[in-house]
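> Output the structure for:
(one chain, ligands or ions: 5)
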Amino acid sequence: MSRAAERLKLLIHHLDRPPAALSAAPTSGQTFTHSHSHQLRYTFDTGLLTPEQRLSYEENGFILIKNLVSENDIDKFRQEFERICRQEVKVPGLVVMRDVAISKSEFIPDQKAVSKIQDFQEDPELFQYCTLPQILKYVECFTGPNIMAMHTMLINKPPDAGKKTSRHPMHQDLHYFSFRPADRIVCAWTAMEKVSRQNGCLVVLPGTHTGTLQEHDYPEWEGGVNKMYHGVRGYNPQHPRVHLEMEKGDTVFFHPLLIHGSGMNQTQGFRKAISCHYASADCYYIDVKGTTQENIEKEVKEIANKKYAMGDQITLKDTWALRGRLVQGVRTSL
Ligand SMILES: CCCCCCCCCCCCCCCCCCCC(=O)SCCNC(=O)CCNC(=O)[C@H](O)C(C)(C)COP(=O)(O)OP(=O)(O)OC[C@H]1O[C@@H](n2cnc3c(N)ncnc32)[C@H](O)[C@@H]1OP(=O)(O)O
Ligand SMILES: Nc1ncnc2c1ncn2[C@@H]1O[C@H](COP(=O)(O)OP(=O)(O)OP(=O)(O)O)[C@@H](O)[C@H]1O
Ligand SMILES: O=C(O)CCC(=O)C(=O)O
Ligand SMILES: [Fe+2]
Ligand SMILES: [Mg+2]
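Ligands and ions are numbered 1, 2, ... in the order given. Reported below is the predicted structural model:
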């Protein structure tokens, strides 16, 4: 038995009972409230993850799986993205974002102006990504069997226009989410081409998923910041960083409290990745009033109002309930 496997056995005890009732409103943000202090808190044994992989996720908050999505699938996603940019297909609910540095420019051809599309749950071609069986098999290790696709994104990080606006500040995705518990949420992020430090790969601070949700706000960057690109206020700059260089099809799964960002794209190409945030359907919504998430709720409300004239009654929770789609099991709560 390997060292990791032995350690795991020690840690587990009688583990792999299902997590403590998720829908019972907990008073703390923790899923497990047993007396055992050395339990695996972040993963389930479905027979897929090796002991080493489970330990690694428990300790680091992310796991990288090489070559998980086929070239053929990725090429299909790329083609659909290009059709959307050329406005050959119209997708209900889709949010299109352009980089702030070029948003006012008149000289950029259409398909190059799009830095990110969000909420493609109504595009059958792109949504296939969220239902890929090989992705869901991993997702289940973090969420359990009832799985909702909550947020979808295709990121087309543009060549930096010279103001460093192509960077994504260090943040925790949980800042945007009004559902819990955090441990039953996971992001799958797949490189659609080789991503390197040069074109702005993901940068993560391993282990930060064991902390709490931090206060987020716009970073004070001279060249400007994209809409809603909030960053963690005062994270420790000494914390070790890991640059996740990946090949086309490689997929990283990471915890929503993991502090991460992405660097400047210093190449002339548009660095592409596709991602989905999944949550256990057994999660529950929270009211973010009076929390550090009030600032993002306000912005989302403004955008939802501008786009759909939804009135002031809409909450962050409503926008998530509308966007979420069941991809496996039963829609129990979310
Ligand atoms: C059913 C309910 C649906 C609710 C919809 C709400 C959607 C919000 C999305 C919520 C995202 C949260 C999910 C996060 C989950 C994981 C974590 C991900 C972290 C992120 O990536 S968050 C960052 C992404 N943020 C966004 O995508 C924000 C949503 N984007 C937009 O609303 C629009 O793209 C935007 C930026 C407002 C542009 O609108 P649009 O009207 O299409 O653009 P115009 O050219 O007309 O410009 C209008 C105005 O905005 C300025 N502008 C344009 N682009 C940007 C930019 N990138 N940054 C800042 N400002 C921008 C532009 O200059 C214009 O300004 P004026 O002064 O001239 O009016
Ligand atoms: N001066 C800075 N202040 C705040 N955040 C930064 C700063 N520089 C980089 N970041 C953040 O760190 C992450 C990586 O950005 P950056 O482009 O600087 O890459 P890097 O990790 O420094 O790598 P390289 O040295 O290759 O540029 C991004 O999330 C970015 O927003
Ligand atoms: O730069 C990227 O591809 C990832 C950005 C990110 O972390 C996010 O949108 O939440
Ligand atoms: Fe993120
Ligand atoms: Mg740097």
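> which residues touch the residue of the stretch 101-250 of the chain at minimum distance from ligand 2?
Of the stretch 101-250 of the chain, the residue with the smallest distance to ligand 2, taken as CB to the nearest ligand atom, is residue 167 at 3.7 Å. From N, CA and C alone the C-beta is placed, and that goes for glycine too. Neighbour list for residue 167: 160, 200, 221, 261-264 [criterion: CB atoms under 8 Å, 6 or more residues apart in numbering].
> These also near ligand 3: which ones?
Checked against ligand 3 using CB under 6 Å from any ligand atom, those give the following subset in range: residue 262.
> Name the member of the contacts of residue 167 with the most neighbours.
Neighbour tally across the contacts of residue 167 (other CB atoms under 10 Å): the maximum, 26 neighbours, falls on residue 200.
> Which pLDDT value belongs to it?
Per-residue confidence at residue 200 stands at 97 (pLDDT).
> same deal with residue 312?
As predicted, residue 312 sits at a pLDDT of 74.
> How is it assigned, secondary-structure-wise?
Under DSSP: H, G, I helix; E, B strand; the rest coil, residue 312 falls in the coil class.
> Against residue 283, how distant is it?
Separation of residue 312 from residue 283 (CB to CB, to the nearest Å) stands at 26 Å.
> Then residue 120?
When distance is defined by CB to CB, residue 120 is 22 Å away from residue 283.
> Check residue 220 too.
34 Å.
> With residue 82 instead?
From residue 82 over to residue 283 the distance is 34 Å, taken as CB to CB.
> Then residue 72?
Taking CB to CB, one finds residue 72 at 33 Å from residue 283.
> got it, and residue 256?
Spatial separation of residue 256 from residue 283 under the definition CB to CB is 11 Å.
> Same drill for the two, tell me which one is more crowded.
With other CB under 10 Å as the criterion, residue 256 and residue 283 differ in neighbour count, and residue 283 comes out ahead with 27 against 23.
> What residues does the residue lying closest to residue 157 once chain neighbours are set aside make contact with?
When the adjacent residues along the chain are set aside, residue 157 lies closest to residue 271, with 4.2 Å between them (CB to CB, 6 or more residues apart in numbering). By CB under 8 Å, 6+ apart, residue 271 lies in contact with 155-157, 193, 195, 199-200, 265.
> mind putting the residues you listed in a markdown table, secondary structure and distance to ligand 2 included?
Rendered in a markdown table, the data for these read as follows (DSSP: H, G, I helix; E, B strand; the rest coil; distance: CB to the nearest ligand atom, whole Å):
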| residue | secondary structure | distance to ligand 2 |
| --- | --- | --- |
| 155 | strand | 13 |
| 156 | strand | 17 |
| 157 | strand | 11 |
| 193 | coil | 18 |
| 195 | strand | 12 |
| 199 | coil | 10 |
| 200 | coil | 6 |
| 265 | coil | 9 |
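> wait, which of the residues you listed is closest to residue 58?
The closest of the contacts of residue 271 to residue 58 turns out to be residue 195 (CB to CB; 25.2 Å).
> and the closest one, how many neighbours?
Here the neighbour count serves as a burial measure; for residue 195 (other CB under 10 Å) it reads 25.
> got it, and residue 86?
Residue 86 sits with 11 neighbouring residues when counted by other CB under 10 Å.
> Tell me the spacing between it and residue 80.
Remark: distance between residue 86 and residue 80 (CB to CB) = 11 Å.
> same question, residue 187
Counting by CB to CB, the gap between residue 187 and residue 80 amounts to 21 Å.
> where exactly do the strands run in the stretch 101-250 of the chain?
Secondary structure of the stretch 101-250 of the chain (DSSP state E, counting those that start in this stretch): strands at 114-118, 147-157, 168-171, 179-180, 185-191, 202-204, 216-217, 231-232, 242-244.
> residues from the stretch 1-150 of the chain in reach of ligand 1?
Counting by CB under 6 Å from any ligand atom, the residues of the stretch 1-150 of the chain close to ligand 1 are 95-100, 103-104, 116, 118.
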